[in-house]
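> this one's structure only:
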């Protein structure tokens, strides 16, 4: 005769004991995972508007850091040039993408900032080229900024949103020539505080004569626009250059002739850089970790966007107006990029 195996008797007490043991094991597992997550360093990087250039660059930086600094939680968030500097200074985020011009203004407490933010530091130059471009319709007959005032021309110009580098640069450049927004509107013109894409639509509708921009050149937006309108580029005259550079934390630059189909001559202008910034209080270990991750993943970053295609330790540390974080300075010296 074959004996059958005895069946385990599952009474209520046994079931309760096993269920409690399982619950305890789950709690301990989750607690361990939570403790591990909390033990990781959190890094937040602010970029620009969702889907824009800065958002693409910021996510690329975040991914490069994740690939190398596996012991950190990296978050990339939308931001805005201007507020980005304030949040970094307050320690609300660890890093941000920002234009050098507005960062200099923040450190010195210039417009639009109400007080100085002296603890801002640079970590890396992300792109060395962002030039002031004053694009105008040839039908205005204007060939210089001086003529706007001399003719009291009723200019309809787009300067981007209030408080952006473009809008502030428009104010400062006009002011260097003795022109205010109020003057333009008094002469029958209009200052439109709208972003570039909206400005192009307004121009196509016959309601705009000019746009002020800070960007790499050539900008595909203006190349496409020149196929529909006869355009010209207005230079910043040499006698105004020093004042404008001082006001905007920028440096003199020349856009070579032929940069655009409508630009037959060299165009004197000003330049600012795109930076990764942090605060002076940020730990050396985190700053050096981020820079090591960037250099270790240069091949990847070069493919993220054309703005990053020339990234190298030399470019990242070159010609800065915003003081480098001490850990960044030490890192670039180790790389042979700084003396």
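Thanks, I have the structure now. Because the structure is a prediction, the values reported are computed rather than measured.

> Not counting residues beside it along the chain, what's closest to residue 277?
Of all residues beyond its chain neighbours, the one nearest residue 277 is residue 98 (5.1 Å), with distances taken as CB to CB, 6 or more residues apart in numbering. Using the backbone N, CA and C atoms, a C-beta is placed for each residue, glycine as well.

> Spit out the contact partners of that neighbour.
Residue 98 is in contact with 81, 84, 85, 88, 274, 275, 276, 277, counting by CB atoms under 8 Å, 6 or more residues apart in numbering.

> Just give the closest residue to the third one, not the sequence neighbours.
Think residue 85. In space, residue 85 is closest to residue 106, 4.1 Å off (CB to CB, 6+ apart).

> Burial check on that neighbour, number of neighbours?
26 (other CB atoms under 10 Å).

> repeat for residue 118
Residues near residue 118, counting by other CB under 10 Å, number 13.

> same check, this time on residue 218
Neighbours of residue 218 (other CB under 10 Å): 16.

> quick one: contacts of the helix or strand where residue 168 lies?
Using DSSP states H and E, residue 168 sits within helix 165-176. Residues outside helix 165-176 that contact it (CB under 8 Å, 6+ apart): 81, 99, 101-102, 105, 111-112, 132, 134, 145, 157, 159-161, 180-181, 184, 191, 193, 212-214, 236, 240, 243-244, 247-248, 270, 272.

> Please list the members of those that lie in strands.
Among these, DSSP state E puts 99, 132, 134, 157, 191, 212, 213, 214, 270, 272 in strands.

> which residues in the stretch 51-200 of the chain form helices?
Counting by DSSP state H, counting those that start in this stretch, the stretch 51-200 of the chain has these helices, from start to end: 53-68, 83-90, 100-108, 145-150, 165-176, 181-186, 196-204.

> list the contacts for the residue nearest to residue 85?
Residue 106 sits next to 85, 86, 89, 113, 116, 117, 120 when contact means CB under 8 Å, 6+ apart.

> can you redo the residues you listed as TSV with pLDDT?
Output for the contacts of residue 106, formatted as TSV (pLDDT from 0 to 100):
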residue	pLDDT
85	97
86	97
89	98
113	90
116	97
117	98
120	98
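
> quick one: pLDDT of the closest residue to residue 213 other than its chain neighbours?
Closest residue to residue 213 apart from its sequence neighbours, by CB to CB, 6+ apart: residue 133 at 4.7 Å. As predicted, residue 133 sits at a pLDDT of 96.

> same deal with residue 183?
Confidence score, pLDDT, at residue 183: 98.

> can I get the helices of the stretch 51-200 of the chain in JSON lines with distance to residue 231?
Formatted as JSON lines, the helices of the stretch 51-200 of the chain follow (distance: least, CB to CB, whole Å):
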{"stretch": "helix 53-68", "distance to residue 231": "22"}
{"stretch": "helix 83-90", "distance to residue 231": "31"}
{"stretch": "helix 100-108", "distance to residue 231": "24"}
{"stretch": "helix 145-150", "distance to residue 231": "16"}
{"stretch": "helix 165-176", "distance to residue 231": "17"}
{"stretch": "helix 181-186", "distance to residue 231": "20"}
{"stretch": "helix 196-204", "distance to residue 231": "10"}
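
> Let me see the backbone angles for residue 46.
Phi and psi for residue 46, reported as degrees, to the nearest 10, are phi -90, psi 140.

> I'd like the numbering to begin with 48 instead of 1 from here.
Will do, 48 is the new start, and the previous item becomes residue 93.

> Is there a neighbour count for it? I'd like the number.
26.

> Hmm, residue 142 and it touching each other?
Yes. Using CB atoms under 8 Å, residue 93 makes contact with residue 142 at a distance of 7.3 Å.

> still on that earlier bit, and the contacts of helix 212-223, which of them are buried?
Buried members of these, counted by 16 or more other CB atoms under 10 Å: 128, 146, 148-149, 152, 179, 181, 192, 204, 206-207, 228, 231, 238, 259-261, 283, 287, 291, 294-295, 317, 319.
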